[in-house]
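A.B. asks: Quick one, what's the 3D model for this:
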Amino acid sequence: MSEKSMLERMSSGEWYGEKPDAELGEAFWRGKDLAWEFNQTRPSNRIRGREILHELLGRLGDGSNILAPLYVDYGANVLLGDRCFINHDAYFMDCAPISIGDDAFIGPHFKAYTAQHPLDAEERNSRIERALPITVGDSCWFGGNVTVLGGVTIGDGCVIGANSLVTKDIPAGSLAMGSPAQPIRKIGEKDRVGLKELFGLE
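C.D. replies: Numbering: from 1, shown residues only. Take a look at the predicted model:
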């Protein structure tokens, strides 16, 4: 058996949970309490909201914004890049790291599930589990009600259609959708609508 703590084993993708663990329980309830505090904060009190998020999350990037309610298992394994926007009712089951790059747009009811339980019923009933990380690149957009499972990597510049279930890696620059989500095509020049010209942007 690994010499790592239960919390370290969980966060690194090893099987864990064969016995109660005080450190793991403390980290779990810390995350739940801070998320509850964030959710009870007036939305207009953005300064206090950001203070709580900085304490809760492993990383809150510059210019990133999250709308309540927000749900986590631990919070410390959520790593959010710069200039991200996360809409209402996101749940990060962050038993393993959930890393999201810069400039992510995430629609309401987003779910990221890292936990993995044994398929065999007897083994599953032992309450031993493991967690696999989720990695999202820069400049990705998720429509409403998207679910991403553990072990998945989504490349830079992807768009994931609403109501999709992402069970496998999505290559960079892809439009993907469905349950399970499949890459439909690459996003390219034909998808530009001329916003820079329309608004005189540099």
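A.B. asks: count of residues packed around the nearest residue to residue 64 once chain neighbours are set aside?
C.D. replies: Once flanking residues are discounted, residue 64 sits nearest to residue 84: 4.2 Å by CB to CB, 6 or more residues apart in numbering. (C-beta placed from N, C-alpha, C; glycine too.) Around residue 84 there are 23 other residues, counting by other CB atoms under 10 Å.
A.B. asks: same deal with residue 145?
C.D. replies: 15.
A.B. asks: Repeat that for the one 4 residues further on.
C.D. replies: A count of nearby residues for residue 149, using other CB under 10 Å, gives 19.
A.B. asks: Name all residues that make contact with residue 103.
C.D. replies: With contact set as CB atoms under 8 Å, 6 or more residues apart in numbering, residue 103 has these partners: 81-84, 138-139.
A.B. asks: worst-scoring helix or strand of the chain, pLDDT-wise?
C.D. replies: Least confident helix or strand, the chain: helix 195-199 with a mean of 86, by mean pLDDT, DSSP states H and E.
A.B. asks: Are we agreed that residue 34 is in a strand?
C.D. replies: No. Judged by DSSP: H, G, I helix; E, B strand; the rest coil, residue 34 forms no part of a strand; its state is helix.
A.B. asks: ok, residues contacting the least confident helix or strand of the chain?
C.D. replies: 201-202.
A.B. asks: same thing but 7 Å
C.D. replies: Residues outside helix 195-199 that contact it (CB atoms under 7 Å, 6 or more residues apart in numbering) are residue 201.
A.B. asks: give me the number of residues near the residue nearest to residue 185 when sequence neighbours are not counted?
C.D. replies: Of all residues not flanking residue 185 in the chain, residue 175 sits nearest, at 5.6 Å (CB to CB, 6+ apart). For residue 175, the number of neighbouring residues by other CB under 10 Å comes to 18.
A.B. asks: if I look at residue 173, how far off is residue 137?
C.D. replies: With distances taken as CB to CB, to the nearest Å, residue 173 is found 10 Å from residue 137.
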